[in-house]
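Peer 1: Need coordinates for the below:
(one chain, ligands or ions: 2)
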Amino acid sequence: MEKTVQLYEGKAKKVYATSDENLCIVSYKDDATAFNGLKKGTIVGKGVVNNRMTNMLMQLLEKKGVPTHFVEELNDRETVVKKVKIVALEVIIRNVSAGSFAKHYGVEEGIVFDEPTIEFSYKNDDLGDPLLNEYHALALKVATREEIDTIKKYAFKINEVLKDYFLALGVRLIDFKLEFGKTADGKIVLADEISPDTCRFWDAKTGEKLDKDRFRRDMGGVEDAYKEIFKRVTQGE
Ligand code: ADP
Ligand code: UDP
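Peer 2: Numbers count the residues shown, from 1 in each chain. Ligands and ions are numbered 1, 2, ... in the order given. Now for the predicted structure:
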């Protein structure tokens, strides 16, 4: 499978067309951004970690009954995926308070929830990805009621699978962001990535952050954190 034209360059990945109209190739960069692109930098080796980790997790999720866009890993940074129409929602699941949740509701980070929460934001960089509820999503025709129900069902299932998976590797899954897409035949599948860019991972013993918060918050040790979480995931294979 060969890349043809570049369809899109995002903040962390490039997307290319292929000779098959139903497939594209995603290429993961080392570029890092935070705060809707305001903070920019490079995390050396991030593209490799995010590509390989996403693919391993998507294959695990497929086995557990969650359909994904994954088709074939080509090399360290590039993967063939099903071309989808991305549903313009960022789906965020939280198990523990952190980040914007702690800020919005004026609580400390680290409060363990009795049940996971779900929230949606409207995937629109120009508007700063504003929060929205299911009714807003329906009003904006971002998805149908049935599609939203499917997305919620998959998102909670993904949380159950990944929470257990990471705990066995000595890592707490605090929160994460998912994107879903619609294939040519109208099926909802998990798309985009699952990586330290899109999840919060805390070491179960030390509480050390093993994710992009080290970059967002200028904590140092960013590359090492990506390497460490990747090492655990590859050990768990
Ligand atoms: P951003 O657009 O936020 O800067 P990226 O740099 O990660 O993000 O760019 C990748 C883009 O590709 C995202 O907009 C994402 O929604 C989109 N995408 C992810 N998976 C697929 C897919 N299977 N088919 C088409 N587009 C996809
Ligand atoms: N997240 C993401 N992309 C976004 C916003 C959030 O991948 O555009 C992830 C983030 O890495 C974290 C979770 O979603 O794992 C919840 O993020 P939060 O709402 O707390 O926002 P943040 O503190 O990152 O601004």
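Peer 1: how near is the residue of the chain found nearest ligand 1 to residue 27?
Peer 2: Nearest residue of the chain to ligand 1: residue 10, at 2.2 Å (Cβ to the nearest ligand atom). Any C-beta I mention is one placed from the backbone N, CA and C, and that applies to glycine too. Using Cβ to Cβ, to the nearest Å, residue 10 is found at 10 Å from residue 27.
Peer 1: what about the strands in this protein?
Peer 2: Counting by DSSP state E, the chain has these strands, from start to end: 6-9, 13-17, 23-28, 31-34, 39-42, 70-73, 78-82, 85-86, 89-96, 112-122, 131-132, 171-182, 188-191, 199-203.
Peer 1: okay, the residue nearest in space to the middle of the chain: pLDDT?
Peer 2: Centroid check for the chain by Cα atoms, centre = their mean gives residue 194 as the closest residue, at 3.6 Å. The confidence metric pLDDT takes the value 98 at residue 194.
Peer 1: and it, what is it in contact with?
Peer 2: Residue 194 makes contact with 53, 54, 57, 58, 162, 176, 178 under the criterion Cβ atoms under 8 Å, 6 or more residues apart in numbering.
Peer 1: Mind putting these into TSV with pLDDT and distance to residue 32?
Peer 2: Below are these laid out as TSV (pLDDT from 0 to 100; distance: Cβ to Cβ, whole Å):
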residue	pLDDT	distance to residue 32
53	98	15
54	98	16
57	98	20
58	98	21
162	98	22
176	98	17
178	98	19
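Peer 1: Would you mind giving those as JSON lines with distance to ligand 1 and neighbour count added?
Peer 2: Putting the contacts of residue 194 into JSON lines (distance: Cβ to the nearest ligand atom, whole Å; neighbours: other Cβ atoms under 10 Å) gives the following:
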{"residue": "53", "distance to ligand 1": "14", "neighbour count": "23"}
{"residue": "54", "distance to ligand 1": "10", "neighbour count": "26"}
{"residue": "57", "distance to ligand 1": "14", "neighbour count": "23"}
{"residue": "58", "distance to ligand 1": "11", "neighbour count": "25"}
{"residue": "162", "distance to ligand 1": "18", "neighbour count": "21"}
{"residue": "176", "distance to ligand 1": "14", "neighbour count": "22"}
{"residue": "178", "distance to ligand 1": "11", "neighbour count": "22"}
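Peer 1: So which bits of this structure are right by ligand 1?
Peer 2: 8, 10-13, 15, 24, 69, 81-84, 86, 179, 181, 191-192 (Cβ under 6 Å from any ligand atom).
Peer 1: which of those are close to ligand 2?
Peer 2: When Cβ under 6 Å from any ligand atom is applied, no member of those is adjacent to ligand 2.
Peer 1: Determine the longest helix present in the chain.
Peer 2: helix 145-167 (DSSP state H).
Peer 1: what stretches of this protein score poorly on pLDDT?
Peer 2: Applying pLDDT under 70 to the chain flags the ranges 236.
Peer 1: What parts of it come near ligand 2?
Peer 2: Checking the chain against ligand 2 by Cβ under 6 Å from any ligand atom, the hits are 90, 92, 98-101, 129, 175-177, 198-200, 212.
Peer 1: which of these count as buried?
Peer 2: 90, 92, 98, 101, 129, 175, 176, 177, 198, 199, 200, 212 (16 or more other Cβ atoms under 10 Å).
Peer 1: Closest to residue 229 out of these?
Peer 2: Residue 229 has its nearest neighbour among those in residue 199, at 8.9 Å by Cβ to Cβ.
Peer 1: quick one on the thing from earlier: okay, residue 10 and residue 27: which has more neighbours?
Peer 2: Taking neighbours as other Cβ atoms under 10 Å, residue 10 and residue 27 compare with residue 27 leading, 18 against 13.
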